[in-house]
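*Asks:* Generate a structure from the sequence data that follows.
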Amino acid sequence: MKSYLPFRTPRRPFRPCRALRRPVAGPALLACCLLPVLAGCGDGGGLAAAGSTPTASGPVHLWPERRGAAVPPADPGGAPPEYVQGIAPVRNQNVREVDPVAIVRAEVRAHANADVGADGMPAGTAAAIEACGTGEGTGDGTGEGAACPVLTPYYRDLTGNGRDELIVGIELPDRMMSVRVYTADPDGRLNRIMATTDTVIGVELAARDVILRVPSGNNGYELITAWSYDEKQRTMLPTREQIVRVPSAPRTAASTPPPGPATAPGPSAP
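*Replies:* Down below sits the predicted model:
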């Protein structure tokens, strides 16, 4: 009778697992790997809240039950033209051929009794204009008593028709000034489209705007008014106004008192 021995699997040599044969990371490398994770616990790197957003508030209409003043509508036909009388027709709408002194002199003669308004002129200034020469040799603009109160003219297309307009300044007493603008119609008539008189700090041209800087009435502030041509009204109107603060003039060395003589320290008390 045969005896059978229990079957046994052949014994294989022991081999370590592949995972165990990989090098184990050192403490420094492990810390570098964990650092972003630990940092992310406190800050996800996204948008952070900046606090509560203030509530937007628009203008509030006060006393809505009050009946306010009405604004009269503009004349649909436009402002009537202010043609200068006593001036020869302008050829090809070229206002550069017209003598600015002759224009002002013609207006002074046409409104000899006007003391106020756009045509108002002090008697002394009117007499100085009558004594002015012709051409562009105008006065220095120092006011009453100058050779000629009519300043050197400027030219700029202010109406957008591709042709220059004539800009004239007239010096008046007490730093006042009259600023006038003229354009020529296709039929050759000279049309005054702007006339204003004020205590003027300065006059500027920006694009097709005439900008006047005048004292605002409040110390430290000036009023800036932009005059623009209105095609419907066919005249120049004040379209924008702004009150701005005048920068304070820096103190000069002359206004700063000189330092006093240096004094040596006295003897200390016993």
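
*Asks:* Where does residue 103 fall, secondary structure wise?
*Replies:* Assigned by DSSP states H and E, residue 103 belongs to helix 100-110.

*Asks:* What residues of the helix or strand just after that helix count as buried?
*Replies:* Counting by DSSP H and E, the next helix or strand C-terminal to helix 100-110 is helix 123-130. Across helix 123-130, burial judged by 16 or more other Cβ atoms under 10 Å covers 125-126, 128-129. No exception for glycine: its C-beta is placed from N, CA and C like everyone else's.

*Asks:* follow-up on the earlier one: same for the helix holding residue 103, what does it pack against?
*Replies:* Packing partners of helix 100-110 (3 or more Cβ pairs under 8 Å, 6 or more residues apart in numbering; DSSP states H and E): helix 123-130, strand 165-171.

*Asks:* Now do it against helix 123-130, angle only.
*Replies:* Angle, helix 100-110 to helix 123-130, by axes from the mean of the first three to the mean of the last three Cα atoms, to 10 degrees: 130 degrees.

*Asks:* Next, the buried residues of helix 100-110.
*Replies:* For helix 100-110, the neighbour count (16+ other Cβ under 10 Å) marks 100-108 as buried.

*Asks:* pLDDT on it, on average?
*Replies:* On average, the pLDDT along helix 100-110 is 95.

*Asks:* Can you identify each of the helices in the stretch 1-150 of the chain by residue range?
*Replies:* 18-21, 27-42, 100-110, 123-130 (DSSP state H, counting those that start in this stretch).

*Asks:* Mean pLDDT lowest where, among these?
*Replies:* Looking at the helices of the stretch 1-150 of the chain, the lowest mean pLDDT belongs to helix 18-21 (a mean of 43).

*Asks:* what residue ranges in the chain score low on pLDDT?
*Replies:* Applying pLDDT under 70 to the chain picks out residues 1-49, 134-146, 251-270.
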